[in-house]
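Chemist: Attaching a predicted model along with its sequence, questions to come.
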Amino acid sequence: MPSTDIGIDLGTASILVYVRGKGVVLKEPSVVAFDRDNNKIKAIGEEARLMLGRTPGNVVAIRPLRKGVISDYTVTEKMLKYFIQKAIGRMSFRKPRISVCVPSSVTEVEKKAVEDATYQAGAREVFLIDEPLAAAIGAGIDISRPCGNMIVDIGGGTCDVAVISLDGIVVSSSVKVAGDDFDDAIIKYVRKKHNLLIGERTAEDIKINIGTAVERPEQKVMEVKGRDLITGLPKTVRVTSEETREALKEATSQIVDVVHSVLERTPPELAADVVDRGIVLTGGGALLGGLEELIEAKTGINTVTAEDPMAAVAIGTGKFVELTASNGKLEN
Ligand code: ADP
Ligand code: MG
């Protein structure tokens, strides 16, 4: 009987597990909560996320992959094991083949660490996959053709831009500005403009509900609760979508700049393909209102968001094994 094939997107904000034939079976935040006193893990994933910013002194909730760098290897390893076990359960008796997609900024040493952790977690074979390739496959692009495609993946910690052709990355660049920085920018803005202190989760809510990267004729408004910096008491203010645009201006223009820099370095034939075929956005950050319009306006190239942008990398990572397996490359 064939063993399970699993694809894991080890993202800075979320971890997704794709199982061949089943699709994405698990999606949880990359958060681990542990007890500082005895270094024991208290919770992983969604349960741990709820503890972020709300833990008593001895319990700390951390995001071990924040900014695309593995800040804590042991924690990452435990988190990986936990998710792999949760996703495959006790059902399978043959060890799975696991492909993992790591953030592009991860170093060779860190990649090796992820590979080891995945073997430790019970993999029969491990494949590490380049994120832009996985994102492109997941977005439904046939990457094997000799034709340039541009992928812009905007996650929590990093924005990765790549031009892909013939199963490879031709030009790429990455900037550590993405969804988390949108939240930070909103926190700073609300503090300055309204003298109101808000937390990361409130900022993310604002971004998701009314955030926009472009000017809109109609305004969205949201009531936001926080702590008044002057009186120290709880206060509610009204924040508008136009205010979010102002708050996010710097971060979104850094993303536009990295897209430009990759376009400038793209060989002419492939650049012409990108102009014909457009730019494809993936990652949860791509869901920010108006981001595709902003990139389209600033580059003059048609820009679309992948169908399920947050799942694209996981789907592509899982399919990568299917694709290469069907080519006979991975038979054993
Ligand atoms: P990573 O690959 O780094 O794990 P994801 O692709 O999961 O990141 O994207 C996570 C980011 O997407 C977070 O910053 C989150 O706030 C943001 N996000 C999720 N949904 C939305 C939305 N509807 N609008 C704007 N941002 C969103
Ligand atoms: Mg990602």
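Modeler: In hand now; what should we look at? Ligands and ions are numbered 1, 2, ... in the order given.

Chemist: Span of stretch 142-149 from start to end?
Modeler: With C-alpha to C-alpha, to the nearest Å as the measure, stretch 142-149 spans 9 Å from end to end.

Chemist: And the average pLDDT for it is what?
Modeler: Stretch 142-149 carries an average pLDDT of 94.

Chemist: Burial check on residue 184, number of neighbours?
Modeler: 15 (other C-beta atoms under 10 Å). In short, each C-beta sits where N, CA and C put it, glycine included.

Chemist: Double-check that it belongs to a strand.
Modeler: No: using DSSP: H, G, I helix; E, B strand; the rest coil, the assignment for residue 184 is helix, not a strand.

Chemist: Quick one, grab the pLDDT at it.
Modeler: 98.

Chemist: Can I get stretch 163-173 in PDB, CA atoms only?
Modeler: Output in PDB follows, covering the C-alpha atoms of stretch 163-173 (Å, rounded to 0.1, in the frame of the first residue of the first chain):
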ATOM      1  CA  VAL A 163      10.100  35.100 -11.400                       C
ATOM      2  CA  ILE A 164       9.900  31.500 -12.300                       C
ATOM      3  CA  SER A 165      10.500  29.600 -15.500                       C
ATOM      4  CA  LEU A 166      11.300  25.900 -16.400                       C
ATOM      5  CA  ASP A 167      10.900  24.600 -12.800                       C
ATOM      6  CA  GLY A 168      13.300  27.100 -11.400                       C
ATOM      7  CA  ILE A 169      13.700  30.600  -9.900                       C
ATOM      8  CA  VAL A 170      15.300  33.000 -12.300                       C
ATOM      9  CA  VAL A 171      15.200  36.200 -10.300                       C
ATOM     10  CA  SER A 172      14.000  36.700  -6.700                       C
ATOM     11  CA  SER A 173      14.100  39.100  -3.800                       C
END
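
Chemist: Buried residues, that stretch. List them.
Modeler: 163, 164, 165, 169, 170, 171, 172, 173 (16 or more other C-beta atoms under 10 Å).

Chemist: In three-state terms, label the first one for me.
Modeler: Here residue 163 takes the strand state, with states given by three-state DSSP.
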